[in-house]
Structures are given as structure tokens and as C-alpha cells.
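Colleague: sequence-free structure coming up:
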DNA sequence: CTGGAGATCCACCGAACGGTGGAGGCGCGA
DNA sequence: TCGCGCCTCCACCGTTCGGTGGATCTCCAG
């Protein structure tokens, strides 16, 4: 029997999940929580096998809760269940130790299979997330431009040459070039034009 | 006497402007603000004739503030004073109702003349801005790239060099260059990187 | 305190790009 | 039929970029 704890700030969602798993003979929802801190407590007290965790929550969010939970209860597997496959959330969640990442539009059946997989220690990702993750992981440390790099990219998008960007940031032209090389590496492109394009696609630019 | 309100998030800049206008007998700085929302309040309370507004600010930015201010205090003229003549900022600011657009490298004397002009309802633009604006406004049918031009821009956004784009479209490299020149003209930019940026902003690219 | 990440800077080189001023061909509507 | 917009192509030139392989400094965490 898989002992499941549901962590989500919406009572409605928790209710829906309870219903969903009511049909499963091998899964029992042993507890619920409305925020991350509470979720950790429940998971610990109730010896959860799997924790179904929302990312966006008041108080301690899902990522922080996942990290803390992996510390406190290493035997509990954390399965992220969230609304958006927002680029910014996937990586932190995985890094924090989540074993799976599902979207809320998943069918009940998929959800149950995912919970069983998680209980076995297998990784389950929503298809769109998988694809996205691949692009991130291929390059170590990719997907996250530093603040400075974002500034440089924004300036380039606004028509600055390297020289002008340098003047705008009060640094040398050589530094701009270096930043751009790093940006190209992280975004997987070869020139400033496609770097700008990637910047827009990943919502790094306005 | 021209009643001036200065809106800029940098105290240093505000200080410099206060000094600048201390010399002017016909201009008095009646108030300051560190962000857009505060700027609107001040301008309203203090019956400003002219508002000197920075574009890049935390919270409500200069463009939004300008639009809101034009609503609330139609008698106040908004003069944009910003660091960069970034292509992307000029048009939105003008559309939002700014009467002038100056760069921060303007001389004190120019600045004062601009404020007086603004108070009279005249439009003052920094030279480089003027040129840029002309390119946008003068052109009949500007902002509409031809299908071919869109194809070229899309290829460039996807990382193609001129040579590669030419190969992809089965035309010569020279034609790509010509298309790009036309694109730059229509979008009011100078290089492929900012053309791509404009493309995304105008939703011409995916 | 040692290592890593981030930011800054340097030099050199070939390749690509941007600017200019053309030119010819095609199709469509005035 | 004439003009206009669009697409195609050319040459030349200076500038900028991208690639490479470094280097130093600071800050922060392990």
C-alpha cells in the first residue's frame, strides 16, 4: 500500500485528488497539507511514501518544501504537481530533489501511474516537461542567465553594439564579449541575433 | 514660473537636476519622486507644469506613469529623460503622451530649453531620437514587413547567417542583405539582433 | 581555506555584417 | 501604359563580431 500525502493550498484540488485516489486499491491518501511546512510535518508523522506537492503555495513554497523534505524524510518521494510547465520552476524543483514533475491537466490514470512509479523510485515527467528538461540538461548550468548576462542581452536586444553596451554598464568592451560568449553557450546559439530570439522565447527579455 | 516635478529612482540624478534648475529664474523644482506612482501623486498635488520622467524605474515604469499622468493631469507635460535612446522605448513613451524625449547626456542648457519648450507645449527630442522617430513615423506602411522579409527575419532569429538564410530560401546572399536593409529601415533598427527583438515585440516572430 | 561561480579584462584573427549606391525583372492597379 | 512595390542581384569598404585561450578579483559555501 502506497501512503500518499497531498500538499496543495487549494482545498478543492485536495478534494479532487482524494477522490481520484479513492478508486485506487494500492494507494491511500493518509494526509493533506495546505502549505510546505505543514506538508513536511505530515509526511514525517505519517511515514509517507509519496508526497504530491504543488509548487505555488503561500508560505514555504514547493521547491523549498521539497528540499527540506528530502533532508528530513529521505524515504519520501516528492512528486511535483503544478499548473504550469513554467521554465523557471522545473529545474529548481528537480534540483531540490523531486522525483517527478506533472502538470495538473494530467488524467487521473496518468496520475496514479505516476504515483506508483514514484513509489518505486522511478522518475516520471510530463511530456512537455521532459522535452524542456532535455534542452536544459544537455548543457550543465544552462537555462539560467546571471543578472549581468540578462542586462547585456537586453542591451543587445535594444540595439546596442558591444561598445555601447559596455558604455551603458560602465565596463569594458571585452567584458561584454565575454558575457556574450557565456550567453551563447547557455542558450545554445552562435550569434547575438538568435540569442535575442532565445531570450524572448524563454521570457528573459521584454 | 514653470513648476517642475522630477521623477527618477536615483537620488543622485534628482540632486543633479535640482542643482541644474537652481540657476533658472523661470523654473522651480516643486517636487521629486522615486517611482512612477509617486510621481503622479506629486504632479497632481503640486500642479506641475512639466514632469521630468525617467523611463527605467522600479515599480511603475516611466511609460506607464506617463500614460496614467496624461489621464489624471492633462495639463502636465511629460518630458522623458533617460539614459539610452533604445529603439524600444521611444515609441511607447511618445504614444503614452510624452511631449519630449531627452537623453541624460544632454547639457544643462539644452535641458532648460527643453523644459521651457515643453511648458509651451512644444515638442523637443534629442537629435538621435528624432532621427529614429522619423524612421518610424514618416514611412507609410511602416511596421509591415513583406512575407519575404518576415521569412528572412525568422531565419535570422533562428540563428542563420546571411549565407545560410540565402541557401534556405534558394536566393543569393546579396538578396538577404538587401532584405535585411529594408527590414532595418522599417523597424527602425541598425542590426539584426535588435531587428529580431523588434520582431518579437511586434509579434512578427515566434 | 580552498574551490567554484561570477564579473572583469586582454590580444589576436578571420569571418560576417552593415552602409551605400546602384541595377534589372515581374506583376498589379491607376 | 506607366508607375510602384517587391524581389532579385552586384561591388566595395570599414566596422563589428565571434572564437580562442587565457588572466585577475571578489564573494560565498563547503
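Modeller: Cool, the structure landed. This one's a predicted model, so the numbers in the text were calculated from it and none came from an experiment.

Colleague: what sits against residue A:204?
Modeller: By Cβ atoms under 8 Å, 6 or more residues apart in numbering or on different chains, residue A:204 lies in contact with A:145, A:150, A:153, A:198. C-betas here are computed from N, CA, C, even on glycine.

Colleague: nearest residue to the second one other than its sequence neighbours?
Modeller: Once flanking residues are discounted, residue A:150 sits nearest to residue A:204: 5.9 Å by Cβ to Cβ, 6 or more residues apart in numbering or on different chains.

Colleague: and residue A:100, how many neighbours?
Modeller: 23 (other Cβ atoms under 10 Å in any protein chain shown).

Colleague: Report the separation between it and DNA strand D.
Modeller: Note on residue A:100: its distance to DNA strand D, by Cβ to the nearest atom of the strand, to the nearest Å, is 25 Å.

Colleague: Please tell me how far the longest helix belonging to chain A is from the chain's geometric centre.
Modeller: Secondary structure assigned by DSSP state H gives helix A:173-187 as the longest helix of chain A. Average the C-alpha atoms of helix A:173-187, do the same for its chain, and the two points are 26 Å apart (Cα atoms, centre = their mean, to the nearest Å).

Colleague: Following the chain past it, name the next helix or strand.
Modeller: helix A:192-201 (DSSP states H and E).

Colleague: Okay, angle between that following helix and helix B:192-201 too, please.
Modeller: Calculated by axes from the mean of the first three to the mean of the last three Cα atoms, to 10 degrees, helix A:192-201 forms an angle of 20 degrees with helix B:192-201.

Colleague: ok and helix A:192-201 relative to helix A:173-187, angle-wise?
Modeller: Using the same axes, to 10 degrees: helix A:192-201 against helix A:173-187 is 60 degrees.

Colleague: Helix A:192-201 near chain B anywhere?
Modeller: Yes: using Cβ under 8 Å from any Cβ of the partner chain, we find that helix A:192-201 touches chain B at A:192, A:193, A:194, A:195, A:196, A:197, A:200.

Colleague: Give me the distance between residue A:3 and residue A:160.
Modeller: 56 Å (Cβ to Cβ, to the nearest Å).

Colleague: Of the two, which one has the most company?
Modeller: residue A:160 (25 against 18).

Colleague: so what's the more buried one closest to, chain neighbours aside?
Modeller: Nearest residue to residue A:160 in three dimensions, chain neighbours excluded: residue A:168, at 6.4 Å (Cβ to Cβ, 6+ apart).

Colleague: does that neighbour sit in a helix or strand, and which one?
Modeller: Assigned by DSSP H and E, residue A:168 falls within helix A:162-169.

Colleague: if I read this right, residue A:20 contacts residue A:109, doesn't it?
Modeller: No: checked against Cβ atoms under 8 Å, the pair residue A:20 and residue A:109 is beyond contact range at 9.2 Å.

Colleague: Tell me which of the two has more neighbours.
Modeller: Neighbour count, other Cβ under 10 Å: between residue A:20 and residue A:109, residue A:20 has more, with 18 against 11.

Colleague: Which SSE is immediately downstream of the helix or strand of chain A with the lowest mean pLDDT?
Modeller: Among the helices and strands of chain A, helix A:127-137 carries the lowest confidence by mean pLDDT, DSSP states H and E, at a mean of 48. Next helix or strand after helix A:127-137 toward the C-terminus (DSSP H and E): helix A:147-157.

Colleague: Let me know whether residue A:72 touches residue A:44 as I believe.
Modeller: Yes: counting by Cβ under 8 Å, residue A:72 does reach residue A:44; the two are 5.9 Å apart.

Colleague: Could you report the distance from residue A:188 to residue A:202?
Modeller: In terms of Cβ to Cβ, residue A:188 sits 11 Å off from residue A:202.

Colleague: buried stuff in the helix or strand encompassing residue A:66?
Modeller: Using DSSP H and E, the element containing residue A:66 is helix A:62-72. Buried residues in helix A:62-72, counted by 16 or more other Cβ atoms under 10 Å in any protein chain shown: A:62, A:63, A:64, A:65, A:66, A:67, A:68, A:69, A:70.
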